[in-house]
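1. Pasted the sequence and its predicted model underneath.
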Amino acid sequence: AGTCRWSACAICLGCFSHDIQHCEATTLWDGSPSYSHKTQNNHLVNPQGNPLCFKWQHLNGCHAGNHEFHYECSGCGSKDHGAQNCPRGEK
């Protein structure tokens, strides 16, 4: 998560001060296209509309493994890390 003062937002990957619970950005912090988006029901989904695990986006990830949510980075789609460790995130 680089030198950010705050956690990266799962939507825009920005770590500037803003309401990350209600971020409705359609691009990443740098203006590049975003990988995921929120639905009207406030669910985080990938481009195919599959729900992403929100806990997976945290620094320590999710280890439940027994739910319907996909383990993909909301910033780039990688299955190797979540938003907090995404190379596309604001540093």
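-> Cool, got the structure. Residues are numbered from 1 along each chain as shown.

2. what about the closest residue to Leu52 other than its chain neighbours, neighbour count?
-> Nearest residue to Leu52 in three dimensions, chain neighbours excluded: Leu44, at 4.6 Å (Cβ to Cβ, 6 or more residues apart in numbering). For the C-beta atoms, the positions are set from N, CA and C on the backbone; glycine is no exception. By other Cβ atoms under 10 Å, the residues close to Leu44 number 21.

3. For Leu44, give me the backbone phi and psi.
-> Torsion angles at Leu44 (phi, psi; degrees, to the nearest 10) stand at phi -90, psi 120.

4. likewise the one 4 residues further on?
-> According to degrees, to the nearest 10, the main-chain angles of Gln48 amount to phi -80, psi 0.

5. three-state assignment of the residue sitting furthest away from the middle of the chain?
-> Most distant residue from the mean C-alpha position of the chain: Asn66, 19.9 Å away (Cα atoms, centre = their mean). Using DSSP: H, G, I helix; E, B strand; the rest coil, the structure places Asn66 in coil.

6. okay, it: pLDDT?
-> Per-residue pLDDT puts Asn66 at 78.

7. try Ala1
-> 42.

8. ok, and what's touching the lowest-mean-pLDDT helix or strand in the chain?
-> Ranked by mean pLDDT, DSSP states H and E, the helix or strand of the chain with the weakest confidence is strand 37-38, at a mean of 91. Contact with strand 37-38 is made by Ile11, Cys23, Glu24, Thr26, Leu44, Val45, as judged by Cβ atoms under 8 Å, 6 or more residues apart in numbering.

9. Next, the contact list for the third one, please.
-> What that stands for is Glu24. If a contact means Cβ under 8 Å, 6+ apart, then Glu24 has Ile11, Lys38 as its contacts.
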